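Colleague: Here is a sequence with its predicted model. Questions after.
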Amino acid sequence: MDLSTPIRAALTLEKLPRRQRGTVASIDWNRLAEAEARRLRELGFDEGVGIEVLHRASLGRGPIACRIGRMTVALRRAVADTIHVAPLSVAAIA
Amino acid sequence: MNAAPLVALVGNPNAGKSALFNALTGARQKVGNYPGVTVERKSGRLVLDDGRPVELVDLPGAYSLEPSSPDERVTRDVVTGKGSLERRPDALVVVIDAANLDNHLRFALQLIALGLPVVVALNMVDLAERDGLVLDPAALSRDLGVPVIPTVAVRKRGLDDLKAQLTDTIGGGAPHAEPRTLETGGALQRRARQIAASAVVSEAPARRWANMADSIALHPVIGPMLLVAVLFVMFQAVFSWAAVPQDLIDSGFAWLEAAVKAALPDGFLQSMLADGLIAGVGAVIVFLPQILILFLFILVLEASGYMVRAAFLMDRLMATVGLSGRAFIPLLSSFACAVPGIMATRTIEDEKDRLTTILIAPLMTCSARWPVYTLIIGAMIPNREVMPFVRLQGLVMFGLLVMGIAGAYFAALVLRRTVTKGASSGFMMEMPKYQMPQLKDLAIGLWTRAVIFLKRAGTIIAATTLVLWLLLSFPKPPANSGISPVDYSVAGRIGDGIEVLVRPIGFNRDIALALLPAMAAREVAVSAIGTVYAIDDTSAGGEDKITEKLRGRWTLPTALAFLMWFVFAPQCISTIAVTRRETNGWKWPAFMVGYLFAAAYIMAGITYWLAVAAGL
Ligand SMILES: Nc1nc2c(ncn2[C@@H]2O[C@H](COP(=O)(O)OP(=O)(O)OP(=O)(O)O)[C@@H](O)[C@H]2O)c(=O)[nH]1
Ligand SMILES: [Mg+2]
């Protein structure tokens, strides 16, 4: 079972369409403040973990709610922009 | 020395540590369905199966031993024994959420590596089952190298096993192992995930209904509308549901006052008890139903898991003043009382952020203001219907509430650009699973609040009211002099002195008199005004209600200015004290008191002169 087949180039979590599942391809740790990077790790963000955007608050620039592993986490768009996601193909999900 | 062994409950936020603590010790710690409920160390006593007592401590949740906020620092200090007064725990109960294993195991691995004897409580197995997740505690125990006991803290399942295991672990005098070094960052994460994966026996796809609920609660358009509706219903209910029980309490105190007047001869004792104590304290206790209704709403929001959704929706707005959605949670609880609200800011990571939140928390309309607002509005504002279902009194009340929020918004805006300047902080928060609120938790929460409120009424409010009564009653004016007893009394003369200061903003002597004792607690303003007018009663039978007396003596601009004053004035000793404690010094409480009094004076003045100019 190959769940990590990307169907197109990685995009950031900020751009990931809602309900499109993927896995975390990479995180630009060095673009994050130290405390922010640590908290992100502590909340389970890591290469290879399954991820999905659940909601985007207020159409404009509000925070994003995403599912990471089994957890739902809210984060701001600037942070979401450092998280690169490899979307899963529809076939792989089915 | 043979002090009872010290056992600490540690784990990620919202794992159910406090629920477990309550179940084990019979304590009534606050539990709530959002991360960051517990912000300080609390200890209790647990008797093990072999009859030995154990001191159990409940700690704030943390994600690791590297604290990023003050509440996590408390946990780190206790666990590592680094705090000034701490003795190191003899064992740890590591609480993990079974439905969130991969994540919670990360911290669990760090804690196990410390070398202290550990028992893992695999909590919330009922929620894991609800999600279709079946786990194998034995496999988990093998991989972690420590005993693992499945529990459901809220249903008291697994507690006996947990106690038995603790008896074993402590009784055997389990040796403290040497701390082990542990992989860090991603490697630790991966090991946690591996262990979690091998403990899973079977799993079903994620819950659909929870996602559905969030599709509504977090919807970009419906979500904010729902939040506003929830808050509107909350404040509406506070006023409409409370009317009946309030009338009951009111007539109860009226009866008591009459009974005392009938039973005792006219004179010092009768006046002190009836006019001073009963009238004063009664005027405040009438508000118990309103306060309990407000708390009920807040407790339900907290227990259901909606609180973090609200924080999510508010983040955008909070960001415009340099705060984050996280600050919304302490600010909302400040509507009940600023003291727990200020304590709750310990979960805010950024120091400047936290300080700003502390400084604006007193602007949220806390429940101590309602007696003041309700009394003045009830007496001075006509209860006209301005449009269907909206009455003028309710509208003014709502306006005062909004005024507080707007004031806080503006204050944060200014503070963040001046005294608490700093990089704007981020917002990153775990969203808890929705849960049905537990009736028992709600009952405990309400009971705790009721006790606190009644204690306040019985101590601080009763005492200040009595002192005021004494100062108002003596010395007595010479008989037949025609001087009012209040004018002649010590308090009356002090009031004349203060009046000079507050006359420019439209306050009269009676208000000046009420402001001073109301420094202790805002509600005292109500009992103080009640006492002034009870002593100064010129009506034949003394039966004029306080509202009638107000109408006779206050003008509308004065009343409006008085209300505006209370939106801003930091009239609460407890808030000042907790601010001192949370900011470690007098600098910030002094600043807070200064800026809020200045704002109160200016806003009350503007209100008064605008009202006068408008010919009200
Ligand atoms: N279904 C279920 N709910 C639980 C269980 N244990 C706790 N809860 C609920 O989970 C929520 C969190 O519980 P708390 O005891 O406040 O969690 P905590 O670990 O003390 O959280 P912090 O103080 O924020 O670190 C509350 O709503 C509890 O009612 C359990 O075993 N099963
Ligand atoms: Mg707790």
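Modeller: Thanks, I have the structure now. Ligands and ions are numbered 1, 2, ... in the order given.

Colleague: So what's the gap between stretch B:177-186 and the chain middle?
Modeller: Offset of stretch B:177-186 from its chain centre (Cα atoms, centre = their mean, to the nearest Å): 38 Å.

Colleague: Name the residues of chain A found near chain B, please.
Modeller: For chain A, the residues in contact with chain B (Cβ under 8 Å from any Cβ of the partner chain) are A:33, A:35-36, A:38-44, A:46-49, A:54-63, A:65, A:67, A:69-76, A:78-79. Using the backbone N, CA and C atoms, a C-beta is placed for each residue, glycine as well.

Colleague: how about a cut-off of 7 Å?
Modeller: Within chain A, the positions adjacent to chain B are A:35-36, A:38-44, A:46-47, A:54-59, A:61-63, A:65, A:69-76, A:79 by Cβ under 7 Å from any Cβ of the partner chain.

Colleague: so is residue B:180 in a helix, a strand, or just coil?
Modeller: When the structure is split into helix, strand and coil by DSSP: H, G, I helix; E, B strand; the rest coil, residue B:180 lands in coil.

Colleague: and it, how many neighbours?
Modeller: By other Cβ atoms under 10 Å in any protein chain shown, 10 other residues sit near residue B:180.

Colleague: Also residue B:187?
Modeller: Counted with other Cβ under 10 Å, the burial measure for residue B:187 works out to 11 neighbours.

Colleague: what do you get for residue B:4?
Modeller: Look at residue B:4: counted by other Cβ under 10 Å, it has 16 neighbours.

Colleague: Where does the prediction get shaky in chain B?
Modeller: When the per-residue scores of chain B are filtered using pLDDT under 70, the ranges that remain are B:1-2, B:84-86, B:172-175, B:205-210, B:537-545.

Colleague: picking that back up, so of the residues of chain A next to chain B, which ones are in helices?
Modeller: Using DSSP state H to define helices, the subset of the residues of chain A next to chain B located there is A:35-36, A:38-42, A:79.

Colleague: Same list (those residues) but as a markdown table, adding distance to residue B:499.
Modeller: What follows is those, written out as a markdown table (distance: Cβ to Cβ, whole Å):
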| residue | distance to residue B:499 |
| --- | --- |
| A:35 | 52 |
| A:36 | 54 |
| A:38 | 57 |
| A:39 | 54 |
| A:40 | 58 |
| A:41 | 61 |
| A:42 | 57 |
| A:79 | 56 |
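
Colleague: Output those residues as TSV; include the columns neighbour count and distance to ligand 2.
Modeller: Shown next, in TSV, are these (neighbours: other Cβ atoms under 10 Å in any protein chain shown; distance: Cβ to the ion, whole Å):
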residue	neighbour count	distance to ligand 2
A:35	16	23
A:36	21	25
A:38	17	22
A:39	23	19
A:40	22	23
A:41	21	23
A:42	20	18
A:79	24	26
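
Colleague: Ligand 1: which of these is nearest?
Modeller: Checking those against ligand 1 by Cβ to the nearest ligand atom gives residue A:42 as the nearest, at 13.7 Å.

Colleague: any idea how far the closest one is from residue B:185?
Modeller: Distance of residue A:42 to residue B:185, given as Cβ to Cβ, to the nearest Å: 10 Å.

Colleague: quick one, strands of chain B?
Modeller: Listed in chain order, the strands of chain B (DSSP state E) span B:6-11, B:42-47, B:53-58, B:91-97, B:118-123, B:133-135, B:148-150, B:200-203, B:385-387, B:390-391, B:428-431.

Colleague: what sits against residue 44?
Modeller: Here I'm looking at chain A. Contact criterion Cβ atoms under 7 Å, 6 or more residues apart in numbering or on different chains gives A:68-69, A:71, B:102-103 as the residues in contact with residue A:44.

Colleague: nope, chain B
Modeller: Remark: with contacts taken as Cβ under 7 Å, 6+ apart, residue B:44 is in contact with B:21, B:25, B:27, B:56.

Colleague: Ignoring the adjacent residues along the chain, who's closest to it?
Modeller: By the measure of Cβ to Cβ, 6 or more residues apart in numbering or on different chains, the closest residue to residue B:44 outside its immediate chain neighbours is residue B:25, 3.4 Å from it.

Colleague: Grab the nearest non-local neighbour of the residue of the stretch 51-200 of chain B found nearest chain A.
Modeller: Across the stretch 51-200 of chain B, no residue is closer to chain A than residue B:63, which sits at 3.7 Å (Cβ to the nearest Cβ). Taking Cβ to Cβ, 6+ apart, and ignoring the residues beside it in sequence, residue B:63 has residue A:42 as its nearest neighbour in space, at 3.7 Å.

Colleague: wait, the one you found sits on residue B:65?
Modeller: No - under the contact definition of Cβ atoms under 7 Å, residue A:42 does not touch residue B:65, with a separation of 10.8 Å.

Colleague: Around chain A, pick out the residues from the stretch 301-450 of chain B.
Modeller: Contact residues of the stretch 301-450 of chain B with respect to chain A, defined by Cβ under 7 Å from any Cβ, are listed as B:312-313, B:315-316, B:325, B:349, B:426-431.

Colleague: I'd like those laid out as TSV, including distance to residue B:450.
Modeller: Putting those into TSV (distance: Cβ to Cβ, whole Å) gives the following:
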residue	distance to residue B:450
B:312	31
B:313	31
B:315	33
B:316	36
B:325	31
B:349	34
B:426	38
B:427	34
B:428	36
B:429	31
B:430	32
B:431	31
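
Colleague: Including neighbour count and distance to residue B:136, could those go into TSV?
Modeller: As requested, those are arranged in TSV below (neighbours: other Cβ atoms under 10 Å in any protein chain shown; distance: Cβ to Cβ, whole Å):
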residue	neighbour count	distance to residue B:136
B:312	30	35
B:313	27	39
B:315	25	39
B:316	18	43
B:325	26	38
B:349	21	36
B:426	24	37
B:427	26	37
B:428	22	32
B:429	27	31
B:430	23	25
B:431	27	27
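
Colleague: Grab the two from those residues that are most spread out in space.
Modeller: Among those, the pair separated by the greatest distance (Cβ to Cβ) is B:313 and B:349, at 20.1 Å.

Colleague: Could you pull out the helices in the stretch 301-450 of chain B for me?
Modeller: With helices called from DSSP state H, counting those that start in this stretch, the stretch 301-450 of chain B shows them at B:306-319, B:328-333, B:338-344, B:351-360, B:369-380, B:392-417, B:439-456.

Colleague: how about those helices in TSV, adding distance to residue B:229?
Modeller: Converted to TSV, the helices of the stretch 301-450 of chain B look like this (distance: least, Cβ to Cβ, whole Å):
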stretch	distance to residue B:229
helix B:306-319	12
helix B:328-333	15
helix B:338-344	23
helix B:351-360	25
helix B:369-380	22
helix B:392-417	14
helix B:439-456	21
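
Colleague: Nearest to ligand 1, out of those helices?
Modeller: Set against ligand 1 and scored by Cβ to the nearest ligand atom, the helices of the stretch 301-450 of chain B come closest in helix B:439-456, at 5.9 Å.

Colleague: near ligand 2 at all, the closest one?
Modeller: No - contact of helix B:439-456 with ligand 2 is not found when judged by Cβ under 5 Å from the ion; the minimum separation is 11.9 Å.

Colleague: so what does that helix touch, helix or strand wise?
Modeller: Here helix B:439-456 is seen to pack against helix B:288-304 when contacts are counted using 3 or more Cβ pairs under 7 Å, 6 or more residues apart in numbering or on different chains; DSSP states H and E.
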